[in-house]
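Peer 1: give me a model of this one.
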Amino acid sequence: MRHTLNLWRQQLGEAPSSIWQQTGLHVLILADNGLTAIPPEIGQLHQLSTLDLGHNALTSVPEELGKLTGLCGCLYLHDNQLTQLPDSLGNLTRLRYLNVGGNSLTALPETIGAMSGLVEFRAQHNRLTTLPDAIGKLRNLRELWLRGNVIEHLPLSAAGLHELRHLDLRENSLKAVPESLAGLPRLRQIDLRSNRLGQLPDWLALMPSLEKLDLRWNDVDPSLPLVSELEQRGCVVLT
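Peer 2: Predicted coordinates:
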């Protein structure tokens, strides 16, 4: 039986030290408690499969987070005050869902490319200008949420995201549709709302799985032949 400790919204202010002795825990929920720090002792919880530290006031998380190699479900770090992530996150190779949205991250560690189990990654509402080259190693990634950053381009290595189905780049600083998307065979939905786009590349018409392309609040001419071509093919294009 999975051992769960749910301390959501208990106004703790500080996590009780007794938690770190419960080495049999599988699920730990400490969300929305005003926590400002997590001690290194969290690394003792080797059996954790899901950890929720979201909606707190954390300015950092310890490197010992990387010792939680049993994490195979979800890791929530969203809505804190994080300015960087520990390199040790790369040790979490079984993790399937990672949410670091709503922080103040300006970059992601290259080690994120080692998180080969990731299926969904959320980094919306940060201060990212690009992604690390290692992002292309996430061969199982299906959903990538990057809304509300200041991303100007994606690395060419993103062409390695062959399982990607959904890409949210809304409210960024893109001046062109990233070329690295051209060869992604399973990409179905691309949200490019509120960027700085003016033109569209012809290769969009060749994307075999594209079902929805949202271009609203850009400077794209809706009368472009490419828009009509995509619509005739069955792709919903919103301009």
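Peer 1: so for stretch 76-90, mean pLDDT?
Peer 2: The pLDDT scores in stretch 76-90 average 98.
Peer 1: the nearest residue to Glu64 once chain neighbours are set aside and Val61, how far apart?
Peer 2: Nearest residue to Glu64, sequence neighbours excluded (CB to CB, 6 or more residues apart in numbering): Gly43, at 3.2 Å. Heads up, the C-betas are built off the backbone N, CA and C, glycines and all. Separation of Gly43 from Val61 (CB to CB, to the nearest Å): 11 Å.
Peer 1: and if you look at Glu231?
Peer 2: Counting by CB to CB, the gap from Glu231 to Val61 is 45 Å.
Peer 1: same question, Gly102
Peer 2: 14 Å.
Peer 1: ok, Asp32 next?
Peer 2: With distances taken as CB to CB, Asp32 is found 16 Å from Val61.
Peer 1: coming back round to it: Gly43 and Val61: which has the busier surroundings?
Peer 2: The residue with more neighbours, out of Gly43 and Val61, is Val61; 22 against 16, by other CB atoms under 10 Å.
Peer 1: shouldn't the residue nearest to Glu64 be within a helix?
Peer 2: Yes. The assignment for Gly43 is a helix, going by DSSP: H, G, I helix; E, B strand; the rest coil.
Peer 1: in the chain, what spans have low per-residue confidence?
Peer 2: Low-confidence regions of the chain, defined by pLDDT under 70, span residues 1.
Peer 1: 80 instead, please
Peer 2: Scanning the chain for pLDDT under 80 picks out the ranges 1-2.
Peer 1: what about the helices in the chain?
Peer 2: Secondary structure of the chain (DSSP state H): helices at 225-232.
Peer 1: all strands of it, in order?
Peer 2: 4-6, 27-29, 50-52, 74-76, 97-99, 120-122, 143-145, 166-168, 189-191, 212-214, 236-238 (DSSP state E).
Peer 1: paired strands for the last one, with orientation please.
Peer 2: On the basis of DSSP bridges, the sheet neighbours of strand 236-238 come out as strand 212-214 (parallel).
Peer 1: buried stuff in the partner strand?
Peer 2: Within strand 212-214, the residues scored as buried using 16 or more other CB atoms under 10 Å are 213-214.
Peer 1: can you check stretch 144-157 too?
Peer 2: Applying 16+ other CB under 10 Å to stretch 144-157 flags 144-149, 151-155, 157 as buried.
Peer 1: what's the burial count for Glu14?
Peer 2: 12.
Peer 1: same question, Pro225
Peer 2: Pro225: 10 neighbours (other CB under 10 Å).
Peer 1: same check, this time on Leu65
Peer 2: By other CB under 10 Å, neighbour count at Leu65 equals 22.
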